[in-house]
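S.K.: Quick one, fold the following:
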Amino acid sequence: MAEFRRTKLYDLHVARGAKMVPFAGWDMPVQYPMGVLNEHLHTRAHAGLFDVSHMGQVILRGPDVAEALETLVSADILGLAQGRQRYGLFTNAEGGILDDLMIANKGDHLFLVVNAACAEQDIAHLRQLERAGISVEPVTDRGLLALQGPEAEAVLARLVPGAPAMKFMDVAEFDWQGATLWVSRSGYTGEDGFEISIPEAQVVAFAEALLVQPEVAPIGLGARDSLRLEAGMPLYGHDMDASTHPGEAGLGWSIPKARRMGGVRAGGFPGAEVILPELAEGSARSRLGLRPEGRAPIREGVAIFDAPEGGAALGTVCSGGFGPSVGGPVAMAILPAGLTPGATVWAELRGKRLPVTITPLPFHQPSYRR
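M.R.: Residues are numbered from 1 along each chain as shown. Take a look at the predicted model:
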């Protein structure tokens, strides 16, 4: 039987009645007794606490570390101000996406957060930079929490008074009972919130200090997925992978002018010769939102056609489920870019084709503190 890793909060999850499931090599809570739908709505209305300690945390140090990282990612790292973070992509020579990640400038080093399922390969990929004198340091002694929702600021302010001064995508360090917290004002739910890296020795105490606040409930992976889906956020391994180009995944916005054709540092990352012309000319396919009629969700793998019978296959659903805040099923698929909002396509579900409307993303408007 496979051995799954456990975060330091495993016992806390079990004590609170979490249903634990295997995820990316970890034993993680998928839901609590409140249930996925109520956990989702609680996060939208109040504040939800997520254990995301399975994510990979990495420190990069060395001379010209920003310039070195730009050889592997398509983001503008040289232009990233101290105390700020941004979203980036690792790409391959064919223009596909190896992973998406967050990159923070902490002054004398860069701090990266990568997906759990890709952490091992990402760290191996980053070790190429050691030839340029960059130190690649996986962080193995810290947990990671995400506090998300419109009341997250008020909650965190009781424990960390300096947190409310942060704006979206700021990073800062704070002290809590002698522990140094690495805090970013970010998350993956479409809500205002914070991600907090904390030494493992204090992570349980800090989580408990948050959970005693009346606004906070523990939230599992099920609601985390429905929250990010409503917010139109892609998930690696579903809405993008090594065969998907950034433009197709709807992530061209993450490649700034400086790294595009004609930019001051155009290209210089793997697959740029494929990715940049496609961004300039427009991708043939694009990640689009879908709203099925009725209440039945269409899930990953469902085929999409251009006609109620016969016709051509357009693609398959890459993420789909019920959107509690939207009050109906929502989905995303990479489909021909010429399809416009309001157009009808058909999803083949259990041998029947159901009408589906192309819908602008996101389904639920994010509410970040700019």
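
S.K.: use CA for all of it now, contacts and neighbours both
M.R.: Will do.

S.K.: Contacts for stretch 240-252, please.
M.R.: The contact list for stretch 240-252, computed with Cα atoms under 8 Å, 6 or more residues apart in numbering, reads 91-92, 94-99, 234, 239, 275, 278-279, 282-287, 334.

S.K.: If burial is judged by neighbour count, which of the residues you listed pass?
M.R.: Listed as buried from these are 91-92, 94-99, 234, 239, 275, 278-279, 283, 285-287, 334; burial here means 16 or more other Cα atoms under 10 Å.

S.K.: can you list the domain ranges for this protein.
M.R.: Listed domain ranges for the chain are 10-53+140-230, 284-364+366-370 (source: automatic domain parsing).

S.K.: Including distance to G247 and mean pLDDT, could the ones you listed go into TSV?
M.R.: Formatted as TSV, the domains of the chain follow (distance: least, Cα to Cα, whole Å; pLDDT from 0 to 100):
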stretch	distance to G247	mean pLDDT
domain 10-53+140-230	19	98
domain 284-364+366-370	7	95
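
S.K.: Out of the ones you listed, indicate the one that is most buried.
M.R.: Comparing the domains of the chain by mean neighbour count (mean count of other Cα atoms under 10 Å), domain 10-53+140-230 comes out on top with a mean of 20.

S.K.: Quick one: end-to-end length of that domain, please.
M.R.: Start and end residues of domain 10-53+140-230 are separated by 28 Å (Cα to Cα, to the nearest Å).

S.K.: same deal with stretch 19-27?
M.R.: 10 Å.

S.K.: Ok, stretch 289-303 next?
M.R.: Stretch 289-303 has an end-to-end distance of 14 Å (criterion: Cα to Cα).

S.K.: for this protein, what spans make up the helices?
M.R.: Here the chain has its helices, by DSSP state H, at 10-15, 36-45, 65-69, 119-126, 152-159, 200-211, 221-230, 272-281.

S.K.: What pairs with the longest strand anywhere in the chain, parallel or antiparallel?
M.R.: Ranked by residue count and defined by DSSP state E, the top strand of the chain is strand 313-323. Under the criterion DSSP bridges, strand 313-323 sits next to strand 303-305 (antiparallel), strand 328-336 (antiparallel) in its sheet.

S.K.: quick one on the thing from earlier: can you add distance to G83 and give the domains of the chain back as a markdown table?
M.R.: Shown next, in a markdown table, are those (distance: least, Cα to Cα, whole Å):
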| stretch | distance to G83 |
| --- | --- |
| domain 10-53+140-230 | 5 |
| domain 284-364+366-370 | 15 |
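
S.K.: To G62, which of the ones you listed lies closest?
M.R.: Between G62 and the domains of the chain, the tightest spacing by Cα to Cα is seen for domain 10-53+140-230, at 19.8 Å.

S.K.: how far does the closest one sit from the chain's center?
M.R.: With Cα atoms, centre = their mean, to the nearest Å as the basis, domain 10-53+140-230 stands 14 Å off its chain's centre.

S.K.: and what of stretch 227-235?
M.R.: Centre-to-centre, stretch 227-235 and its host chain are 8 Å apart (Cα atoms, centre = their mean).

S.K.: outside of it, which residues touch it?
M.R.: By Cα under 8 Å, 6+ apart, stretch 227-235 touches 40, 188-190, 240, 249, 289, 319-320, 323, 325-326, 330-332, 361-366.

S.K.: again, only using 7 Å
M.R.: The contact list for stretch 227-235, computed with Cα atoms under 7 Å, 6 or more residues apart in numbering, reads 40, 188-190, 323, 361-366.

S.K.: OK, contacts around the residue nearest to P199 when sequence neighbours are not counted?
M.R.: Among residues not flanking P199 along the chain, R142 sits closest, at 4.2 Å (Cα to Cα, 6 or more residues apart in numbering). Residues in contact with R142 (Cα under 7 Å, 6+ apart) are 197-200.

S.K.: In TSV: the residues you listed, plus distance to K167.
M.R.: TSV is the format used below for these (distance: Cα to Cα, whole Å):
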residue	distance to K167
S197	17
I198	20
P199	24
E200	26
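
S.K.: how close does V264 get to S184?
M.R.: Distance of V264 to S184, computed by Cα to Cα: 29 Å.

S.K.: before we move on, back to that, from the contacts of R142, which land in strands?
M.R.: Among the contacts of R142, the ones falling in strands (DSSP E) are 197-199.

S.K.: OK, contacts around R6?
M.R.: 26-27.

S.K.: residues touching Q365, list them.
M.R.: A231.

S.K.: now do 8 Å
M.R.: 190, 231.
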